[in-house]
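> starting from these lines, generate the structure:
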Amino acid sequence: MTPGDYAHRKAVRADLLRFAAGSRHEHGFGYLDDAGAVVPDRPVELYVTCRMTHVFALGLLAGEEPADGGPDAATLRDLVDHGVAALLDGPLRDTTDGGWFAAVNPDGSVSGAKQAYAHAFVVLAGSSAVAAGAQRGQELLTAALRVQTTRFWDEAEGLAVEEWNADFSELDDYRGVNSNMHTVECYLAAGDVTGDRVWHERAGRIAERVAGWARGNQWRIPEHFSTAWEPMLEHNRDQPTHPFQPYGATVGHGLEWARLLVAVDQSLGEDSPAGLIEAAVALADRAFADGWAVDGADGFVYTTDWDGNPVVRARMHWVLAEAIATSTVLARVAGEEPHRTDLQRWWAYADEYLIDHELGSWHHELDETNAPAATTWPGKPDAYHAYQAAIIADLPTTPSFAAALASSRGASLDDRPEAHR
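Got it, this is the predicted structure:
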């Protein structure tokens, strides 16, 4: 196998599913260590439970063969159903005030914040569960979309607010682009499986605002905002490695937004905001130039300052995964080169440094010398970015992952004519 070819991607997906299956926990899906065991003293987090449910739904829809090393269809279906049930009936769901708690702690208490970031993934999990035919998938998606409309969507701004307290009585002053990025992702998925265009339209409104902010900032996306949506460029300067709100420009988000802007444009067609494809290319070009091998070693640095100088030089697995996904999409809409050449480079790097050929899954963090590290992301809790990177070449850009797979339900990826091999 050559890194990045069809056989390699298929093997990567099977390994990720096998490893992720170990995350099953009575409250959802737990946080995995380097060897694939649930870490008992870490909380069961809402966003991890949702992401794993989404990934298992994709694996089920993809019709992967267990002979490749991954779980069989019955196991994957059971994992999807388990995730949906945990989100509907488990302690992550707030049956008193609505929505979902951020986490269930090892002692059974809950982290009370109601986060836009994690709630976006509830919608994504629900959308993928519906596409996969999960028994209670529609129940989950309906509940998740209701919370989006009543609590997180700001119609006047055309953006999502960030975080409420437990009973939805106090809204935090902070506004963030990261949560809005995943809100775009989940709205596209919801629109694809429900057929309700309002979700695509809302995704378009968010995308237009973010593209405008990036255009006015040399294509480095401001991440953090005040209540009035004024950029806070110095936010968390003293916490540059913050896992969700790091200081400066986040290279991987420039890549992830580039892919999503293309998806928004194709989903909305003639109703799309103008210039999203051009913005996608510019965002990716900036991220590639600022992030790749800029400090003497291959790999993408995590963050830069507003002049493009590296701040956090760790290499996060999700950034490379998004580079793969974005180069795949841009090769379709902006010309084969240099994106096909880049794809070969990204996959070769992943195979050499990120994919753990001994224990499985991907190292989540490397240091500036490409040695495994654990400053921000210890363990291997997340199959989401890597699995999507390993399947995106075999699907059209739109509709979203689960909807695209469901459109050819019953056929494995081997048999699908749209697969890019």
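> give the contact list for Gln239.
The contact partners of Gln239, taken as CB atoms under 8 Å, 6 or more residues apart in numbering, are 245-247. Quick note: C-beta positions are derived from backbone N, CA and C, even for glycine.
> and those residues as CSV, adding secondary structure, pLDDT and distance to Ala383?
Converted to CSV, the contacts of Gln239 look like this (DSSP: H, G, I helix; E, B strand; the rest coil; pLDDT from 0 to 100; distance: CB to CB, whole Å):
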residue, secondary structure, pLDDT, distance to Ala383
Gln245, coil, 93, 23
Pro246, coil, 96, 22
Tyr247, coil, 98, 28
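> of those residues, closest to Ser361?
Pro246 (23.3 Å; CB to CB).
> ok, the residue nearest to the closest one when sequence neighbours are not counted - how many residues close by?
Nearest residue to Pro246, sequence neighbours excluded (CB to CB, 6 or more residues apart in numbering): Thr303, at 5.1 Å. Using other CB atoms under 10 Å, Thr303 has 26 neighbouring residues.
> beta partners for Thr303?
Thr250 (DSSP bridges).
> okay, it: pLDDT?
What the model reports for Thr303 is a pLDDT of 98.
> quick one: contacts for it?
Applying CB under 8 Å, 6+ apart, one finds that Thr303 lies in contact with 240, 246-251, 310-312.
> so among these, which ones count as buried?
By neighbour count, with 16 or more other CB atoms under 10 Å, those hold 246-251, 310-312 as buried.
> restricting to C-alpha, output stretch 129-149 in CSV.
Backbone C-alpha positions of stretch 129-149 (Å, rounded to 0.1, in the frame of the first residue of the first chain) are rendered in CSV as follows:
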residue,chain,number,x,y,z
ALA,A,129,-27.7,8.4,13.3
VAL,A,130,-30.7,9.3,11.1
ALA,A,131,-28.7,8.6,8.0
ALA,A,132,-27.6,5.3,9.4
GLY,A,133,-31.1,4.2,10.3
ALA,A,134,-30.6,4.2,14.1
GLN,A,135,-33.9,3.4,15.9
ARG,A,136,-34.0,6.6,17.8
GLY,A,137,-31.9,8.8,15.6
GLN,A,138,-34.8,11.0,14.6
GLU,A,139,-35.7,11.6,18.2
LEU,A,140,-32.2,12.7,19.0
LEU,A,141,-32.0,15.0,15.9
THR,A,142,-35.3,16.6,16.6
ALA,A,143,-34.4,17.4,20.2
ALA,A,144,-31.0,18.7,19.2
LEU,A,145,-32.3,21.0,16.5
ARG,A,146,-34.9,22.4,18.9
VAL,A,147,-32.2,23.4,21.3
GLN,A,148,-30.2,25.0,18.4
THR,A,149,-33.2,27.2,17.4
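> contacts for that stretch, please.
By CB under 8 Å, 6+ apart, the residues outside stretch 129-149 that reach it are 53, 57, 60-61, 77, 80-81, 83-85, 87-88, 98-100, 119, 122-123, 125-127, 160, 183, 187, 190, 193-194, 199, 402-403, 405-406.
> how about it: buried residues?
129-132, 134, 136-137, 139-141, 143-145, 147-148.
> closest to Val12 among the residues you listed?
Ala132 (20.4 Å).
> circling back: which ones among the contacts of stretch 129-149 are found in helices?
53, 57, 60-61, 77, 80-81, 83-85, 87-88, 119, 122-123, 125-127, 183, 187, 190, 193-194, 199, 402-403, 405-406 (DSSP state H).
> hmm, back to that, dump the buried ones among the contacts of Thr303 to TSV, plus distance to Asp173.
Below are those laid out as TSV (distance: CB to CB, whole Å):
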residue	distance to Asp173
Pro246	19
Tyr247	18
Gly248	21
Ala249	22
Thr250	21
Val251	27
Pro310	30
Val311	24
Val312	25
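> Glu368 touches Phe300, doesn't it?
No - between Glu368 and Phe300 there is no contact under CB atoms under 8 Å: 11.2 Å.
> of those two, who's got more company?
Neighbours were counted for Glu368 and for Phe300 using other CB under 10 Å; Phe300 has more, 25 against 17.
> on the pLDDT front, check Pro417 for me.
52.
> wait, Gly335
Note on Gly335: pLDDT of 88.
> same check, this time on Leu320
98.
> would you check that Ala280 makes contact with Glu256?
No - between Ala280 and Glu256 there is no contact under CB under 8 Å: 10.7 Å.
> so where is this protein shaky, pLDDT-wise?
Per-residue confidence for the chain (pLDDT under 70) gives these ranges: 409-412, 415-421.
> what about the spatially most central residue of it, helix or strand, and which?
By CA atoms, centre = their mean, the chain has its centre lying nearest to His385, at 5.5 Å. Assessed by DSSP states H and E, His385 sits inside helix 384-391.
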